[in-house]
Every structure is written in C-alpha cells, then in structure tokens.
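**Student:** below: sequence and its predicted model.
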Amino acid sequence: MNMTEATKTQMNKAQAVERLDQTPVEVRPAKPNDYLSQNHPVWCPGCGHFFVLRALTKALAWLNRPPEELAMITGIGCSSRLPAYLSSYGFHGVHGRALAVAAGLKMARPDLTVLVAGGDGDGYSIGGNHFLHACRRNMDMTYLVMDNEVYGMTKGQPSPTSDPDWHSKLAPHGTGITAFNPLGVALAAGASFIARGFSGDPKGLTKLISDGIEHKGFSVIEIKSPCVTFRPEQKAWQKQMRPLNIEPTPNKLEAAQAIHASDGFDTGIFYQADQPVYAPASEATHSLDEIEQELVL
Amino acid sequence: MTATALIPAPIPADHRLSVSISGAGGAGAVTVGLILLEAFGKAGFYGAMTRSFGPQIRGGESAVFLNLSDQPIETLPEATDLHLALDWKNFMRFADEIPLTSDTQIFYDDSREKPPQGVVDSGADCTPLPLMTTLKQIQGGRINMLGLGVIAQRLGLADTHIEQALQKTLGRKGEEAVRLSMETVRLGQTLVEAAKPSPLQNWQPTDKPRWHLSGNEACAIGALRGGLKLAAAYPITPATDIVEYLAPRIEKRGGQVLIAEDELAAMNMVIGGSFGGQPSMTATSGPGLALMTEAMGLAVASETPALVITVMRGGPSTGIPTKSEQSDLNQILYGLHGEAPHIVVAPLNVSESVPVTQWALGLAERLQTLVILATDQHLGQSRLICDPSPFEDMAETRGLTRLLAHPNDPADYHRYALTDSGISPLTQPGMEHGAYTADGLEHTETGLPSSSASDHSAQTEKRARKLTEFDYGDDWATYLPASKSKRLIITWGSSFEACKQAVARHNAEAKKDEQFSLLGLRLLMPLQSNTLRQLCKGQQVFVVEQNASGQLFHYLLSEQALPKSSQSIARSGPILFTPGELASTLRRLTKEGK
Ligand SMILES: Cc1ncc(C[n+]2csc(CCOP(=O)(O)OP(=O)(O)O)c2C)c(N)n1
Ligand code: SF4
Ligand SMILES: [Mg+2]
C-alpha cells in the first residue's frame, strides 16, 4: 500500500466515523507545522535528524492527534533533543533511560499516545537493558531510534551499530566488534512491530511512523539517520537504502529470516503481530478504610 | 507525629516481658513468634517483634525476639525473660542478639544437643523438656506448636487468644491445620507449670482496637493514604516487602506496581508516572539507591515529584543485606551530583512510619521535588501491635497535594517560571494549553535547554528556595524536653526509641539538673538549622546514631547547627542500641560532666 492509498483509507475511516456519530466534532486543522514548537533545532545543517522530525510531524498531522495528548520521551544525544522541537508534551531525561520514563508514563496515563525517541547509543548501549524489557513488556508505545552508527553528541565515538572496521579517535583500528542487530534483538525480545526506515525517504518514513503509532503494542522503528559531521560517508546511504520488497509478516520465523538476510539497507516493516499488550486495568475497587481494616487485630 | 511531648515514664518491670525463640531451618521459630505476638494483641496488649536469620536463603536457623507489654512498646528486649530453643543448631550465631542473663528461663528439647557453652556461661536457668518424645503422641504435630504451648502455659496466656491467633496466622492452611496446631499447643501446655506469680498479673488489657503491622507495611499504608498510584521497583532486601505489600492493595486503589528491570529503570519509571500526573514512588536499599542517583537528580532538575523510600542495611557494597545500620545518611544527603536540593525525612519509629510516609509523598507533590524517606531494616521489618494511626487528609489539612496550573494561552505558560515561593506552575499531559518539555538539562523559564550562567543561577536558586521557604511546621522533629536539663541528645530513625527509653530511665533516677532532653530529627533536609541552633543553646549536645563515623554528627556540625562542644555517640550496626546500654552511657556522661 503506497502513501496515497493509505491516506485514502485513513480519510474513509474518518468519514465513516462521522456518519456513524452525527454529533459534530471539533476538527483540528492538523498540519505538520502544528506539531512544531518555536524552537530551532541545534542540529548541524544536513543532519538526518531534521528529516526524522519532519516525517514525524507529518505522521502526527495525518493521524490527527491533538498535540497535548502526545508525549515525546527521550534520553540524551543529538537525536534525543527532539522533544523541544515539538508542540506536544515532552520529557528530555537522562542518557539511556527514555524507555523507562515512558513505561512509567504509560502505566500512569494509558490514555496518552506515548512516543519515545533517541539515538543508537542511547537506546542500544547505555539503555540496552531497557530496550530488551520494553520489547518484552510490549506496552502500547512507539520507539524511534535515529541510528547514525555513532555517538554524535560526544563527537564521534563508535556505537554498538558501528561497523567493526570504522576507524575513530577512540578506536584507531576500529572496534573489531560485530555490530549490534537491533531488529533481530527486538524480535527475540518480544516487540510486536519492527521496522527500518531511512531519514532520506520522507514519504516512506512518514508512513512507517504512522503505522507504528497506530499499531497496538511496542513498535520499534530503527531509522537510519546520517550524522553528516562525524560520519560524512553516510551521505551515500541516499543511494543505498531501498524499500523492502515483502509484506509485513506476523510469523516470527519469516521475520527473522528477512531481518538476518537483510544487508541493513532495506526499509519497511519486517514484523507486525497482535501480541498481548501490557496494560493492567486501574479502577479503584476498595476504599482506604477497607484496606486498613486488614490491620486491625 | 508529635512535635513536643513529655518524656514518658519508663515502663515498669512488672508491665513488660521479653520472649525469644530460636530454631533450625524449618523448625518454625518465626511462626511461633508471629502467633505469640498476635495472641498478645488479641489479649489486649502491645508488643514488638524482630527477627534474625542465618545466612541461608531459605530454611536456615532463625530467631525472633518479642518485647511485650500492656503499654505501647517499640524497643527491642534487652534481657530475655523466657527463651525457647527448639534446638541448639547454630544458636551461637544469635549470641550477640539474644541477651541471656542469670534471670533468663530457657526451655529446650532434651533429645538433641546440649546447651552450648555460651548459654551455660550466661547463668540462665536451662530446663530440658521432652519435646520430641511428646510429639510422638500426636500425628502430624509440629515441635514449634508444642513450644508455643509451653510458652503460653508458662505466661498464663488464655486459650481463646491463642486460638484466635492460630486462626489468623494459619487459617489459610485450612481448618484441619488450625485444629491440629491447637491440639499440639494443648499438649505443650502439659509439659510445664505456670509461672507463679503470673508475669501478667498486673497487666491491664485494653479493648481499644489496635493494629498489627510491620514498618514496611506502615510505609505502604502511608503512601496509599497519600494517594499513591504508581510504585515501580526492583526487589532488594530489606525493602521488597513494601512493594509486595503494596502490589495487591494499590490495585484496589486504582494504581499499579510496575516491576522494573533494575533500579535505574525503577527511578525513571517513577519520574514518568509522576510526569503523567500520578503520585509515584519506589522503594529500595543502599545498593539500589546508588543506581538511582542519576535519575534522582533528574527529578530534582525537572522538578518532577518523586518519593524514594530507602530501607537501610549494613554496607558498603552488598554489606549485610538482612541487618540494620544507619550508615547511608551521607549517601542520602550528598549522593547526587551538582547542586541538587531535595527533601530527606526519616520516621522515628514503626508506628509513625504511616504519617511520615504520607507526609513525604505530600511534600514531593506539593513542592515538585525529590523526597527520600529513610528507614532501616530494623524499623522496616519489626512487627508491632500498636494503636491505629489516626487518618489525616494532609491535602486538606496541610495543603500537601499537587497544585495544577491551568494556562489559557500556551505562549504565557512558563513551566519553570521564577516565582516568589520558588514553586513554578505545573501542568500535565492532556491539558490543552499546558504543553511543555520537562528537562534535566539546565533550562530557561520556559524549559528550553540553556547553559547561560544567569539561567543556571536563577533556576538553582529557585529549586533550593522552594524547599527552604516552605513552612514544615512542627513536624521537623520530636522534642522531649526535661525542664532543667542542660544536656540534649539528638538522634534519628531507629535509634530514637532506644534513646527515649534510655533517657526515661535515666531521668527517673537522676537529679533534675542531671537529666537529659531528647530530640528526634524527622526532617533531615532541608535542615532546620536556625531552630536547632536555638534549641541547642546552653546545652551539652550528644548525637546518637548507628554508624561508625558519626555521619549525622558531622552533618549537623557542618551546618553549624550544633555547639562546638558537641559529642558524637556513634557505633556501627547491626547490633542496635539498647536502652540499657545507652542509659549507662548517660550515667557515665553525667559523671564526666561534673
Ligand atoms: C550517564 C551518561 N554517560 C555519558 C554521557 C555522554 N553522552 C551524551 S550523548 C552520548 C551518546 C549519544 O549518542 P546517540 O544516542 O547515538 O545519539 P546521537 O548524538 O548520535 O544522535 C553520550 C555518550 C551522558 N550524557 N550521560
Ligand atoms: S553531530 Fe551528527 S548527529 Fe549530531 S547534529 Fe551533527 S550531524 Fe546530527
Ligand atoms: Mg548516534
């Protein structure tokens, strides 16, 4: 389904709702810019993260979610600067812990659309444990990882997704360590929506993000987003990245095959399935008094 | 939480009684303790019970110590009146904790080991009983229930109260289990004579309702009273029971427990839940608190309300997980990097853990800050029969609740606005004109990251001011003055009750000008230094605490809250101060002072 078809389905859905429910609803003018704040990004000119921000605002406009019902949670890194550039609620926390903040928020406020974003360092290195457990919990939220295979903010150190032979100040001979496979790990750990996107593919990325948000469960979207300053060679990604030529599958074996067969340049949804979503009910059923009665001798 | 009160008269010897029970793994010493405590409660009395375990995860030797009275009592027994040894296996592991004297009556099973030399040396009266032999008369009977019968008979405890306690403690195992246990208890009663006169002869039972709970449970109840909606935690001894107690109950109040993958996650989850507008907390102990420090700083910087309960144990590193020490004060006060003003409170005993926890959560909500509540293994895991904690709606009576701003125009909404009180307008997701980004980076008034010196100094000052300007009323301490005293004991947390008993005992015998006053600090940060300084004027001050280096003493000195002549009385755990030990210290100090 390409983007225009998707938009049509979306619009049909909206009209159907209107016809069923005759009460006129206040329709917000959902334009991408409505989701932008006044703040100008600190990113280097040409940084891939700009295009992620753009695709995100487009997806949000398309989904027509009121900004105040969205919360964007991030950690630390160039990518994690994102919340300040949105008109939604945001939390810019500490390095690597965005998924934990988001889990607490979603528990407390299941009504909100919870978005999480960050870099490859933030998510796969310092926050690796939370990544595993967020996949496993499969709470209904969307995680955008802006992967530039480098620690951009701290000026160019190798990250878990850097190729083993990438030379840097910190690893003059390369790390010699096999790169982390985020999609494979997400699948094994239990995420229910697993995709790869590319910041240089605005249409495809917008679609992936909105599909991810609409999906019920934990959606992992690994977004290749070049760091033009410390990994200028990543500009070549523009020519290398290509759409995945298969349909999303709910079959873990097929998904694993596609993920491990990929050279890392395919974009699209590798896996999407209905899986139990962690969302405990929270209705008060007892008074404090009733609880304290247990203490009485 | 009492602010100023009289030092209570010491409980007379004929109104208190201490019992201890020990046994190998599986012998069931702890169960006997629990039933005995409950039975004394049913009989209209009060009591406190602590337990001690060997190093095994499960099934190792264990011992319980009960201090019983017809008056509220919260200290550990100093001398055991009656000890039941179900066996002598590894008994000497508890030698430091079970205070045997020549007045102690010991009953033990005659079929196994003889009493160890240390026990014989104490001069205690050791009476062998045919426990194992008698047990053969009753199919499926257990030795601990036989022992319970022995104790009940000796003390003159009525069958109805034992039966009720059995029902409460073993009821979930079914009627048959309760019946069999009671039958075994009755058999045990035939093995000894009742003590004459009965140690309970002068006790006045009360028919007032009373509570039976642990300090950790008290914290959980206090948090629920404060409106807690999210508890995120990673298990750690001795704090786990707080969250385990909460799990089924917070649900009934419309909240949730979130099982975190580690303490880093737990603290960040608390921040997330609270950012969403729900009162949130975690519970941990020293090692977990160490992992939480970065995110605790985030709560401070982003001004997100958060309650952290830390139940101290012996440290450093993994230390002594199952035993008590007040040695994490430095960590609690100074553990965060940067200028990170936060609130530190500590209940002075088990029963006030209820209102103090509620207060702590309320302060976090009202002041949009991190509150660390410190208790320790002793307070947390002691069980108590006490008067119920009267309910107070602190949102109503003290305004301790989260105040939300309702901006009409997003352009005018400044999340971190510099206000007189230092408390900035707070919104929460879902509010139409209130969107903002909470940030751990230093920020402008609107929340935009900023490294400018003026923003940094203004925000740093604001975050400190909102805590120092707040009126904590009388709750910052409990002060027990002796009218003409020139000597003052300052202490905190679990050392308080022992100090209270010691001072009561000392003052009852000392001349008026040789008596001591006592101050238990409940609000450790921000320290009420001025008030404290006033109070210390003209007094010889002694700071009592359960750690090796005198952490509270050095803190109070550095805040210039104490006269220079003040002295530290510090001793490391895990053996707690006893009133007797402290009373003799007070006697020595009065002599030296002359
Ligand atoms: C606890 C902690 N350790 C280290 C840092 C330093 N640090 C800041 S951002 C960063 C890496 C960011 O890389 P990534 O998440 O890939 O984001 P990018 O900048 O590449 O978008 C590091 C190591 C920190 N802020 N906090
Ligand atoms: S350093 Fe790299 S990742 Fe960071 S803003 Fe510049 S280009 Fe983007
Ligand atoms: Mg990166």
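**Tutor:** Looks like it arrived, so ask away. Ligands and ions are numbered 1, 2, ... in the order given.
**Student:** helices along the stretch 101-250 of chain A, start to end?
**Tutor:** Secondary structure of the stretch 101-250 of chain A (DSSP state H, counting those that start in this stretch): helices located at A:120, A:128-137, A:182-189, A:202-214, A:237-240.
**Student:** among those, which is the most enclosed?
**Tutor:** helix A:120 (a mean of 29; mean count of other CB atoms under 10 Å in any protein chain shown). Using the backbone N, CA and C atoms, a C-beta is placed for each residue, glycine as well.
**Student:** what sits up against it?
**Tutor:** A:145-150, A:159-161, A:180, A:182 (CB atoms under 8 Å, 6 or more residues apart in numbering or on different chains).
**Student:** neighbour-wise, which of those leads?
**Tutor:** With neighbours taken as other CB atoms under 10 Å in any protein chain shown, the top of those is residue A:146, carrying 32 neighbours.
**Student:** OK, contacts around residue 132?
**Tutor:** Defaulting to chain A. Taking CB under 8 Å, 6+ apart as the test, what residue A:132 contacts is A:185, A:189, B:261.
**Student:** chain B is the one I meant
**Tutor:** Residue B:132 sits next to B:109, B:111-112, B:143 when contact means CB under 8 Å, 6+ apart.
**Student:** report pLDDT for it.
**Tutor:** For residue B:132, the model assigns a pLDDT of 95.
**Student:** where does it sit: helix, strand or coil?
**Tutor:** Using DSSP: H, G, I helix; E, B strand; the rest coil, the structure places residue B:132 in helix.
**Student:** same check, this time on the one 5 residues further on
**Tutor:** When the structure is split into helix, strand and coil by three-state DSSP, residue B:137 lands in coil.
**Student:** ok, how many other residues are close to it?
**Tutor:** Other residues within reach of residue B:137 by the criterion other CB under 10 Å amount to 11.
**Student:** mind checking pLDDT for it?
**Tutor:** 94.
**Student:** same question, residue B:485
**Tutor:** pLDDT, residue B:485: 85.
**Student:** ok, now how distant is it from residue B:561?
**Tutor:** 19 Å (CB to CB, to the nearest Å).
**Student:** residue contacts, the residue of the stretch 1-150 of chain A found nearest ligand 3?
**Tutor:** Going by CB to the ion, ligand 3 is nearest to residue A:119 of the stretch 1-150 of chain A, at 3.5 Å. Counting by CB under 8 Å, 6+ apart, residue A:119 touches A:77-80, A:145-148, A:151-153, A:159.
**Student:** how about residue B:434?
**Tutor:** Applying CB under 8 Å, 6+ apart, one finds that residue B:434 lies in contact with A:68, B:405-407, B:410, B:413, B:427-428.
**Student:** what about it, is that helix, strand or coil?
**Tutor:** Three-state call for residue B:434 (three-state DSSP): coil.
**Student:** any low-confidence regions in chain A?
**Tutor:** By pLDDT under 70, the low-scoring segments of chain A are A:1-29.
**Student:** mind putting the contacts of helix A:120 in JSON lines, distance to residue B:306 included?
**Tutor:** Formatted as JSON lines, the contacts of helix A:120 follow (distance: CB to CB, whole Å):
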{"residue": "A:145", "distance to residue B:306": "27"}
{"residue": "A:146", "distance to residue B:306": "28"}
{"residue": "A:147", "distance to residue B:306": "31"}
{"residue": "A:148", "distance to residue B:306": "33"}
{"residue": "A:149", "distance to residue B:306": "35"}
{"residue": "A:150", "distance to residue B:306": "33"}
{"residue": "A:159", "distance to residue B:306": "30"}
{"residue": "A:160", "distance to residue B:306": "30"}
{"residue": "A:161", "distance to residue B:306": "33"}
{"residue": "A:180", "distance to residue B:306": "32"}
{"residue": "A:182", "distance to residue B:306": "30"}
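**Student:** intersect those with the contacts of ligand 3.
**Tutor:** Among those, the ones lying near ligand 3 by CB under 5 Å from the ion are residue A:148.
**Student:** restricted to strands, list the contacts of helix A:120.
**Tutor:** Using DSSP state E, the members of the contacts of helix A:120 that fall in strands are A:145-147.
**Student:** what's the burial count for the residue in chain B that chain A sits nearest to?
**Tutor:** Going by CB to the nearest CB, chain A is nearest to residue B:272 of chain B, at 2.8 Å. Close neighbours of residue B:272, defined as other CB under 10 Å, add up to 34.
**Student:** same question for residue B:259.
**Tutor:** Neighbours around residue B:259, by other CB under 10 Å: 16.
**Student:** just residue B:565 next, same as before
**Tutor:** By other CB under 10 Å, the residues close to residue B:565 number 9.
**Student:** equivalent analysis for residue A:218, please.
**Tutor:** Residues lying near residue A:218 (other CB under 10 Å) number 31.
**Student:** what angle sits between the host helix or strand of residue A:54 and helix A:202-214?
**Tutor:** Residue A:54 is part of helix A:48-63 when elements are defined by DSSP states H and E. Interaxial angle, helix A:48-63 versus helix A:202-214 (axes from the mean of the first three to the mean of the last three CA atoms, to 10 degrees): 60 degrees.
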